[in-house]
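Enquirer: Fold the following.
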Amino acid sequence: MNLLEEKINKIKMNMTIKKAAWMEKISMGELPKHKHLAILLSLLPQQEKRNLELEQYTTPGDLASKWIHGIYNSRENGFSNLNIIDIGCGNGVLGLGCALMGAKKLTLIDSDKEAIKVAKKSHLMLSENVNLDTEIDFINSHIGKDSIKIPNNSLIISNPPWGTQKHKSDRPILDSIFNSNTEEIHIMHTNKNSHLIPFAKEHGWDAIKMIEADFMIPALYQHHKQKNSTTEIICWKFFKPTKGEV
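Expert: The predicted structure follows:
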């Protein structure tokens, strides 16, 4: 058990008795530090029944916090005045992390009804413990089949299916994202993919590599032979080039 896991277990035991001092500060409006955001996101409830075809793997709290802080720090005004759109939200770890970092509004979208139920439980847990009061829309919708309106003043964050179980399963989500008028796009994907950057460029988006990291994959499905494994991922930032820029 590593140090973060020890802290998480200790907090789980103490949450019903007394809030940690740093949780009280977040309740009063202070933005969480990386380590505290990582702990909060690691405490979120997990979906018990998962669909292998949807490649439902929750982004680990520590990695989610690192990525969200990286996005936040890369922006002049952080997440203020932004609608964060988390597509394929799962338990809401990415979107709710952005909400904790001051997002004005959050939209959580997933094609799985059970995932949306768990995301609502995650929101409730954070509301009870750190007074998270961001306006949130929960949408059970299938990207690529259902029409989703994405506001112009929004930032999309997504850890979509990577296509390892069903070839091109990420295409409907990518097509919807890159055809939107959103302000900024952030996507996590396996470093083995060769289509993401060309696909984005075809739609007029430039890319910057934000983070390279190992993604822990727990043994959730029948085909898993090991208890845990890891795969290398890249977190990308996509943006429209400035007019006149060559």
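Enquirer: The longest helix along the chain: what's the following helix or strand?
Expert: Ranked by residue count and defined by DSSP state H, the top helix of the chain is helix 113-130. Note on helix 113-130: by DSSP states H and E, the next helix or strand toward the C-terminus is strand 135-140.
Enquirer: tell me how far the next helix-or-strand element following that following strand is from the chain's mean position?
Expert: Counting by DSSP H and E, the next helix or strand C-terminal to strand 135-140 is strand 154-158. How far strand 154-158 lies from its chain's middle: 9 Å, per C-alpha atoms, centre = their mean, to the nearest Å.
Enquirer: hey, where'd the strands end up in the chain?
Expert: Counting by DSSP state E, the segments of the chain that form strands are 83-87, 105-110, 135-140, 154-158, 184-190, 206-218, 228-239.
Enquirer: Find the residue at the geometric middle of the protein.
Expert: Ranked by distance to the mean C-alpha position of the chain (C-alpha atoms, centre = their mean), the top residue is L94 at 2.4 Å.
Enquirer: Could I get the strands of the chain in TSV, plus columns for mean neighbour count?
Expert: C-betas here are computed from N, CA, C, even on glycine. What follows is the strands of the chain, written out as TSV (neighbours: other C-beta atoms under 10 Å):
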stretch	mean neighbour count
strand 83-87	26
strand 105-110	25
strand 135-140	16
strand 154-158	22
strand 184-190	21
strand 206-218	14
strand 228-239	16
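Enquirer: Would you mind giving these as JSON lines with distance to N73 and mean pLDDT added?
Expert: Below are the strands of the chain laid out as JSON lines (distance: least, C-beta to C-beta, whole Å; pLDDT from 0 to 100):
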{"stretch": "strand 83-87", "distance to N73": "16", "mean pLDDT": "95"}
{"stretch": "strand 105-110", "distance to N73": "19", "mean pLDDT": "95"}
{"stretch": "strand 135-140", "distance to N73": "23", "mean pLDDT": "95"}
{"stretch": "strand 154-158", "distance to N73": "14", "mean pLDDT": "96"}
{"stretch": "strand 184-190", "distance to N73": "13", "mean pLDDT": "94"}
{"stretch": "strand 206-218", "distance to N73": "10", "mean pLDDT": "88"}
{"stretch": "strand 228-239", "distance to N73": "12", "mean pLDDT": "89"}
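Enquirer: hang on, the earlier thing: so which bits of the longest helix of the chain are buried?
Expert: 114-123, 125-126, 129-130 (16 or more other C-beta atoms under 10 Å).
Enquirer: And stretch 189-208, by the same measure?
Expert: 189, 196-197, 199-200, 205, 207.
Enquirer: any chance of the strands of the chain in JSON lines, plus distance to L37?
Expert: Formatted as JSON lines, the strands of the chain follow (distance: least, C-beta to C-beta, whole Å):
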{"stretch": "strand 83-87", "distance to L37": "14"}
{"stretch": "strand 105-110", "distance to L37": "15"}
{"stretch": "strand 135-140", "distance to L37": "17"}
{"stretch": "strand 154-158", "distance to L37": "14"}
{"stretch": "strand 184-190", "distance to L37": "16"}
{"stretch": "strand 206-218", "distance to L37": "15"}
{"stretch": "strand 228-239", "distance to L37": "15"}
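Enquirer: among the ones you listed, which is nearest K35?
Expert: K35 lies closest, by C-beta to C-beta, to one member of the strands of the chain: strand 206-218, at 16.2 Å.
Enquirer: Next, the residues that contact that closest one from outside, please.
Expert: By C-beta atoms under 8 Å, 6 or more residues apart in numbering, the residues outside strand 206-218 that reach it are 57, 59-60, 63, 66-67, 70-71, 74, 186, 188, 191, 196-197, 200-201, 224, 227-241.
Enquirer: next one: that strand to chain centre, how far?
Expert: With C-alpha atoms, centre = their mean as the basis, the mean position of strand 206-218 lies at 12 Å from the chain mean.
Enquirer: Looking at the strands of the chain, spot the one closest to K25.
Expert: strand 105-110 (21.2 Å).
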